[in-house]
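Novice: Here is my input, please return the structure:
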Amino acid sequence: MKIKSVVKVMNFHALLRVEKARKQALLLSGMRTELEKMLRGIVLNRNLRLDKLLRLPDARLPALRIYLGSDYGFCGSVNSSVSGILARDAADAEKIVIGKKIRGRRDVSLSLTWDEYYRDIGAVHDYFVRAVRERSYSAIELVYNRYNNLGNVKLEERRIYPVAVGDFGEADEGTKADYIIESDITGLLEEMMIAYSFYEFRIAVTSSYASENTLRQSSTQESIKKLDEREAEETRVARKEKSELGFRKTIDNYTRQSMLTRA
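Specialist: Predicted coordinates:
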């Protein structure tokens, strides 16, 4: 069947995209880990906190919320679950939506398809720069479907900025020293924080992409199963009809033969 061939191709490409996203997430995680090691030594430094060199945003400001969906359908609840969160979120939060299938609000500051996002990543990156340097928002929060494995995709809401001390766990031997910095390192700290939070965002993007294709692969696999069942049923019916036709021919031949014999 032509439809079955198309669905099989969709299923295969979905699996390839999941693997591609998984590898990209591992690469980004490695870079984020190295940056996290440097940030741990800064965030856990009591001298920097006491000197108020680590400047935090005003908690009274609205948050920046970023919603990640998909441009295409056939991927289960990826878009409906994110759209549901978007629909009930506070009106004062600044919102960025990436994914053509995400709908539900008009008070969105930036709405992009994934093609538009990749053509100009800087449009989203500028919001991260504004959040850290100008402290325009109380936080940066992500809403997306997190990929854990092929059988586990979960809707997640996560704050990635500001980074709390508890986010880095206990200090290890390399980050216990409460060193003193005499020069102004505010700009350096801001650049590191922008880079770290944007890496967290990019990892979420790859996780969302993997989730989308995992659910699409699951949907196409189920479709293939239903098409196989339908083919089997059609084959069974065709064989039954063929058998009945042959049986009727046999009866007709026997009837004609009997009539000729009696004549």
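
Novice: Any regions of the stretch 1-150 of the chain where pLDDT drops low?
Specialist: 1-18, 21-22, 24-33, 35-54, 74-76, 150 (pLDDT under 70).

Novice: can you give me the helices for it?
Specialist: Ranges of helices within the stretch 1-150 of the chain are 2-43, 46-50, 78-88, 114-119, 122-129, based on DSSP state H, counting those that start in this stretch.

Novice: and the last one, C-alpha only, in PDB?
Specialist: The C-alpha atoms that make up helix 122-129 are tabulated as PDB, following Å, rounded to 0.1, in the frame of the first residue of the first chain:
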ATOM      1  CA  GLY A 122      20.100  35.800  18.000                       C
ATOM      2  CA  ALA A 123      16.500  36.900  18.200                       C
ATOM      3  CA  VAL A 124      16.000  34.500  21.200                       C
ATOM      4  CA  HIS A 125      19.600  35.000  22.500                       C
ATOM      5  CA  ASP A 126      18.900  38.700  22.900                       C
ATOM      6  CA  TYR A 127      16.300  38.000  25.500                       C
ATOM      7  CA  PHE A 128      18.900  36.000  27.500                       C
ATOM      8  CA  VAL A 129      21.300  39.000  27.300                       C
END
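
Novice: List the buried residues of it.
Specialist: Using 16 or more other Cβ atoms under 10 Å as the test for burial, helix 122-129 gives 124, 127-128. In short, each C-beta sits where N, CA and C put it, glycine included.

Novice: Take those residues and write them to JSON lines, including distance to residue 149.
Specialist: Listed next are the buried residues of helix 122-129 as JSON lines, based on distance: Cβ to Cβ, whole Å:
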{"residue": "124", "distance to residue 149": "28"}
{"residue": "127", "distance to residue 149": "31"}
{"residue": "128", "distance to residue 149": "29"}
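
Novice: Which one of the residues you listed is nearest to residue 232?
Specialist: Checking the buried residues of helix 122-129 against residue 232 with Cβ to Cβ, the nearest one is residue 124 at 48.4 Å.

Novice: contacting residues for that closest one?
Specialist: 66, 96, 98, 110, 112, 117, 201 (Cβ atoms under 8 Å, 6 or more residues apart in numbering).

Novice: Show me just the buried residues among these.
Specialist: 66, 96, 98, 110, 112, 117, 201.

Novice: Now for residue 161, how many residues are close by?
Specialist: Using other Cβ atoms under 10 Å, residue 161 has 24 neighbouring residues.

Novice: dump the residue contacts of it.
Specialist: 128, 131-132, 139-140, 193, 197, 200.

Novice: Closest one of these to residue 34?
Specialist: Nearest member of these to residue 34, counting by Cβ to Cβ, is residue 200, at 13.7 Å.

Novice: isn't the closest one right up against residue 162?
Specialist: No - using Cβ atoms under 8 Å, residue 200 makes no contact with residue 162, being 12.0 Å away.

Novice: before we move on, back to that, mind putting the buried ones among the contacts of residue 124 into CSV with distance to residue 187?
Specialist: Output for the buried ones among the contacts of residue 124, formatted as CSV (distance: Cβ to Cβ, whole Å):
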residue, distance to residue 187
66, 25
96, 25
98, 29
110, 26
112, 29
117, 27
201, 21
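
Novice: In strands only, show me those residues.
Specialist: Of the positions in those, 66, 96, 98, 110, 112 sit in strands, assigned by DSSP state E.

Novice: Make a markdown table from these and add distance to residue 256 to it.
Specialist: Output for those, formatted as a markdown table (distance: Cβ to Cβ, whole Å):
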| residue | distance to residue 256 |
| --- | --- |
| 66 | 80 |
| 96 | 80 |
| 98 | 75 |
| 110 | 81 |
| 112 | 76 |
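
Novice: ok, so of the residues you listed, who is nearest residue 255?
Specialist: Closest to residue 255, out of all of these and judged by Cβ to Cβ, is residue 98, at 73.3 Å.
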